[in-house]
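In: Make a model of this:
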Amino acid sequence: MTTKAVGIYFIDGDHPGAPPGKDFSALIHYAEKLPGVKLAQGTGNGWQWDADAVAAEIKQNDLKRVVIAGDAPGFYKTFFCRAMSMAGKDPENVFVASFREYVALGADETDRVKAGLYCAVLGIPLETAISPGETDVNPDTLVIGGGIAGIQASLEIAKAKKKVFLVERTGTIGGYMATFDKTFPTLDCAACILTPKMVEVAQHPYIKMMSYSEVKGISGGPGNYQVRILRKARKVNVNTCIGCGTCAEKCPGTAPSEFDAGTSMRKAIYIPFPQAVPNKYLVDAENCLYIQSDGKKCGVCKKACPVPDCIDLDEKEKEIVVTVGNIIVATGFKPFDAKRAEQFGYGKYPNVITSLELERLVNASGPTGGFITFRARDKRGNMIFSTANGEPASVALIHCVGSRDENYNKYCSKVCCMYSLKLAHLVEEKLPEADIYEYYIDIRAFGKGYEEFYQRIKGEGINLIRGRTAKVEKSANGRLSIRSENIAEDRIVEQEVDMVVLAVGLEPREDAAELARMLGIPLGEDGWFLEANSHTAPVGTSVGGIHIAGVCQGPKDIPDTVAQASAAASRVIQGIMRGKVKKSAKDMPHKDIEARAKQLAATGGQP
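Out: Residues are numbered from 1 along each chain as shown. Below is the predicted model:
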């Protein structure tokens with residue numbers, strides 16, 4: 001095999017937009033020893049971004065191939081392609097070695113980067129050179145998370161007549177989608193789409209649904225994982241509970257309703273929402289007077305229950321172990337905590353609310369029956385929404401709370417623009433006389449039918465104001481005062497409204513790091529689960545038999561979530577039908593990767 005003359009340029013922090021603080025000296029030393037490499041250097045230390053100078057360097061060294069390496073080298077490919085053309089060389093021979101993609105493959109970062117560089121020098125994609133082999137696969141699958149992604153993936157696999165264990169940490173499947181009133185851009189009823197799927201999951205013979213359960217440990221390897229699952233104590237027998245509600249009627253303990261985003265109160269023994277699956281009661285141990293008093297107080301629910309021995313307040317949690325060949329992670333997200341953005345006054349002013357709270361207010365099955373009302377204290381001192389509190393005459397929605405902000409999350413949460421437009425439409429439906437304002441940075445209407453929906457909302461009389469919002473304060477007359485910018489009119493805006501809605505972004509769940517540790521898969525710099533390759537393996541990971549789906553991989557809307565869940569299920573079914581699953585890419589030593597890349601280069605890239 002004859003290796004072409006190769007030059008490697010490492011993009012470091014001296015160039016605007018390049019990642020700061022990188023020391024490439026060890027990698028440069030390694031690269032200089034690679035076969036065919038005539039030039040290896042960083043772009044720092046006064047290196048000039050001069051295409052003429054780089055072209056001269058390429059021509060002088062008679063480089064047939066150029067490799068640009070770094071965290072995001074693709075941004076600079078145009079520059080080096082131009083330099084190659086100026087040097088009379090083929091710009092098609094400019095290759096990118098992205099360290100971010102290599103780290104996604106797990107293993108030791110330095111070793112994997114070295115392997116990636118070796119492959120790039122030979123003109124072989126790293127993914128092609130990684131061939132970890134296959135192993136037999138257990139046909140059963142574990143799906144972690146019972147939101148729309150977990151539900152979709154479970155149903156797809158079960159319809160292929162393969163067994164699925166679906167684990168959900170809360171008392172019902174459904175996730176955040178179950179709390180929504182309508183979906184954008186069609187304004188279809190969210191529950192009408194979701195609840196039939198929830199019921200199908202509960203009734204499917206190939207799905208073992210485990211609500212109120214958590215994954216506590218994973219051992220074994222690809223094709224044969226042993227998973228420890230904690231079955232938390234519901235304190236209510238799901239087989240005998242008839243859902244009559246007598247227990248909740250008598251229960252004196254209360255707590256904010258998680259399903260209603262804290263807009264209402266629920267009892268300590270409760271069904272999460274009327275269409276919950278399973279549609280059975282469970283006990284909130286933290287707010288149960290009997291449990292908190294070690295059995296010395298209360299116990300009223302047990303006495304009131306008409307079904308003998310249905311409620312066992314002394315029931316203990318238990319642990320089970322299941323063996324599966326594949327795992328799909330569909331754990332979803334958590335909403336940004338609006339209290340962190342103190343400038344908007346959430347938690348300080350009762351009628352500064354979040355988008356999820358407004359979702360529950362506009363929902364006919366919500367705490368106010370679909371009426372948008374003010375928040376005030378009830379007789380027990382709880383801050384709740386009630387029709388007795390009156391309704392706002394003006395509402396403002398502020399976009400990008402917790403997103404596109406260096407202080408919180410730099411990334412765009414992708415769905416906030418569209419759900420804010422949807423909420424503005426629903427507010428206008430409920431309060432046709434109200435003045436509605438939307439303060440946005442940019443409208444990102446990226447999906448099918450989204451731009452048309454945006455134009456429709458503009459035509460409904462919603463006041464759209466482009467500019468960052470600085471703060472929300474209480475005005476002298478008791479209303480809420482918004483200070484923002486209006487870019488279109490080049491001025492500062494001072495606006496008084498009755499209610500402010502904060503469009504909170506999406507964040508990785510707080511337990512994502514622990515679950516990633518158990519699974520052995522990496523997290524990205526923003527904390528989301530990292531896919532094997534964003535282009536070619538968006539639902540795969542560096543660990544054999546483990547796939548990701550939905551928002552746990554990064555912000556996305558419902559259609560994209562469902563599509564990704566189906567894709568993950570398809571990958572699982574492929575392996576089961578073949579009886580084989582790939583071993584972990586992260587476990588393949590970089591020396592073996594280099595040997596395979598050398599073999600592929602000798603055969604023209606053919607296996």
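
In: Could you report the distance from Asp557 to Arg456?
Out: The gap separating Asp557 from Arg456 is 17 Å, by Cβ to Cβ, to the nearest Å. C-beta here means a position set from N, CA and C on the backbone, and glycine is covered the same way.

In: who's more crowded, those two?
Out: Using other Cβ atoms under 10 Å as the criterion, Asp557 and Arg456 rank with Asp557 on top: 18 against 14.

In: My read is that the more buried one contacts Gly447, right?
Out: Yes. With contacts counted by Cβ atoms under 8 Å, Asp557 reaches Gly447, the gap being 6.2 Å.

In: Now the common contact residues for these two.
Out: Met418 (Cβ atoms under 8 Å, 6 or more residues apart in numbering).

In: hang on, isn't Phe446 packed against Cys412?
Out: No. Using Cβ under 8 Å as the test, Phe446 is too far from Cys412 to be in contact (9.6 Å).

In: Please say which of those two ends up with more neighbours.
Out: Cys412 (18 against 14).

In: Tell me who's in contact with the more buried one.
Out: So Cys412 contacts Cys400, Ser403, Arg404, Arg444, Pro555 (Cβ under 8 Å, 6+ apart).

In: Met418 now?
Out: Applying Cβ under 8 Å, 6+ apart to Met418 gives the contacts Phe184, Pro185, Arg444, Ala445, Gly447, Tyr450, Phe453, Tyr454, Asp557.

In: ok, 7 Å please
Out: Going by Cβ atoms under 7 Å, 6 or more residues apart in numbering, Met418 touches Phe184, Pro185, Ala445, Tyr450.

In: ok, then the element right after whichever strand or helix holds it?
Out: Using DSSP states H and E, the element containing Met418 is helix 416-430. Next along the chain after helix 416-430, taking DSSP H and E as the criterion, comes strand 435-440.

In: can you state the direction angle for that following strand and helix 416-430?
Out: On the basis of axes from the mean of the first three to the mean of the last three Cα atoms, to 10 degrees, strand 435-440 is oriented at 180 degrees to helix 416-430.

In: quick one, strands of the stretch 251-400 of the chain?
Out: Along the stretch 251-400 of the chain, counting by DSSP state E, counting those that start in this stretch, strands occupy 254-256, 265-267, 269-270, 282-283, 318-324, 326-329, 333-335, 352-354, 375-377, 383-385, 394-401.

In: oh, I was asking about the stretch 401-550 of the chain
Out: 435-440, 463-466, 469-474, 480-486, 491-497, 499-504, 506-508, 546-548.

In: ok, the third one: who's next to it in the sheet?
Out: The one in question is strand 469-474. strand 480-486 (antiparallel) (DSSP bridges).

In: quick one: the partner strand to strand 394-401, angle?
Out: With the same axes, to 10 degrees defining the directions, strand 480-486 sits at 60 degrees from strand 394-401.

In: avg pLDDT for strand 480-486?
Out: Across strand 480-486, pLDDT averages out at 96.

In: Would you map the helices across the stretch 251-400 of the chain?
Out: Using DSSP state H, counting those that start in this stretch, the helices found in the stretch 251-400 of the chain span residues 289-292, 300-304, 355-362.
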